[in-house]
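Undergrad: Coordinates for the following, if possible.
(one chain, ligands or ions: 1)
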Amino acid sequence: MKLATSLDGRIATGAGESRWITGEAARAEVQKLRAAHDAVLIGAGTARADDPELLARTTPPPLRQPVRVVLDTEFSLAPLGRLFATLDRATLLVIGAGDGDEARRKALEDAGARTAVVARGPLGVDADAALAAMVEHGVERVLCEGGGQLAASLIAAEVVDRLEWFRAPIVLGGEGRPGVAALALSSLADAPRFNRVALRDVGPDIWESYERVS
Ligand SMILES: NC(=O)c1ccc[n+]([C@@H]2O[C@H](COP(=O)([O-])OP(=O)(O)OC[C@H]3O[C@@H](n4cnc5c(N)ncnc54)[C@H](OP(=O)(O)O)[C@@H]3O)[C@@H](O)[C@H]2O)c1
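TA: Below you'll find the model as predicted:
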């Protein structure tokens with residue numbers, strides 16, 4: 001999982017503005033991380049707020065672009081925007097729930113996306129089932145790029161092996177959107193823990209890498 005946050009762990013202002021929190025050098029490293037994975041995963045909230053392309057823009061470009069995956073429980077994405085405009089360059093897989101809207105799912109397929117139907121979980125689609133659906137589409141290594149709700153549900157499901165955390169020297173305050181949303185912890189002992197395995201400067205930012213404590 002990659003996070004690009006302020007010093008106080010925020011990924012966007014309260015109004016949802018997130019471009020750009022980190023600097024050019026950090027963003028270039030994120031492009032390399034994308035290129036090194038089979039898929040890039042985001043939640044429907046990020047797809048709606050940012051209208052991203054999610055392509056790996058490296059020099060030279062990757063031999064194969066990662067599959068772009070959106071967890072969209074009700075298949076509510078409009079079949080417009082940059083993810084659809086770039087279908088000639090990379091696959092788009094939209095994963096929704098079994099009792100989601102069939103007509104909407106079909107509209108996304110007609111627009112060129114692939115879709116997968118999985119079980120519903122506590123916060124949308126079931127995280128483990130979504131990962132299994134990705135495996136069926138040939139994905140072994142996935143880079144989750146948020147947002148905060150998806151980050152929380154993947155961390156809670158204990159499926160995040162590694163955190164690539166880019167931290168910019170700005171402060172967004174309590175009204176900013178958290179990089180990791182509520183985990184409903186009942187005690188500090190229940191908090192997911194990670195070991196730091198690397199720490200580097202990237203321009204004005206810091207890049208920390210962590211591995212999950214199993
Ligand atoms: N700084 C950064 O690096 C960065 C990166 C990404 C995003 N952002 C910012 O983060 C904000 C969006 O974050 P967000 O937390 O609101 O949204 P999010 O985590 O991107 O998406 C959450 C939505 O995804 C869907 N979903 C489906 N299955 C889910 C599951 N198992 N767990 C969690 N969500 C699931 C749900 O919507 P449905 O019920 O509609 O399916 C849920 O409301 C935007 O402002 C964006 O700009 C910043």
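
Undergrad: residues from the chain in reach of the ligand?
TA: Taking Cβ under 6 Å from any ligand atom as the measure of proximity, the chain contacts the ligand at 4, 11-12, 16, 18, 21, 42-46, 49-50, 71-74, 76, 121, 123-125, 127, 145-150, 153, 177, 181. Where C-beta positions appear, they are placed from N, C-alpha and C, glycine not excepted.

Undergrad: Show me where the protein has its strands.
TA: 2-5, 10-12, 39-43, 67-71, 92-97, 114-118, 120-121, 124-125, 142-144, 162-167, 177-178, 194-202, 205-212 (DSSP state E).

Undergrad: Which among the ones you listed is found nearest to A25?
TA: Ranking the strands of the chain by proximity to A25 (Cβ to Cβ) places strand 194-202 first, at 4.4 Å.

Undergrad: ok, back up a step: ChimeraX command to pick out the buried ones of the residues of the chain next to the ligand?
TA: Selection of the buried residues among those in ChimeraX, burial being defined by 16 or more other Cβ atoms under 10 Å:
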select :4,11,12,18,21,42,43,44,45,46,49,50,71,72,73,121,123,124,125,127,145,146,147,148,149,150,153,177,181
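
Undergrad: before we move on, the earlier item: and the strands of the chain as JSON lines, adding mean pLDDT?
TA: Listed next are those as JSON lines, based on pLDDT from 0 to 100:
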{"stretch": "strand 2-5", "mean pLDDT": "98"}
{"stretch": "strand 10-12", "mean pLDDT": "97"}
{"stretch": "strand 39-43", "mean pLDDT": "98"}
{"stretch": "strand 67-71", "mean pLDDT": "98"}
{"stretch": "strand 92-97", "mean pLDDT": "97"}
{"stretch": "strand 114-118", "mean pLDDT": "97"}
{"stretch": "strand 120-121", "mean pLDDT": "93"}
{"stretch": "strand 124-125", "mean pLDDT": "95"}
{"stretch": "strand 142-144", "mean pLDDT": "98"}
{"stretch": "strand 162-167", "mean pLDDT": "98"}
{"stretch": "strand 177-178", "mean pLDDT": "98"}
{"stretch": "strand 194-202", "mean pLDDT": "98"}
{"stretch": "strand 205-212", "mean pLDDT": "98"}
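
Undergrad: Having no further points to raise, I will conclude here.
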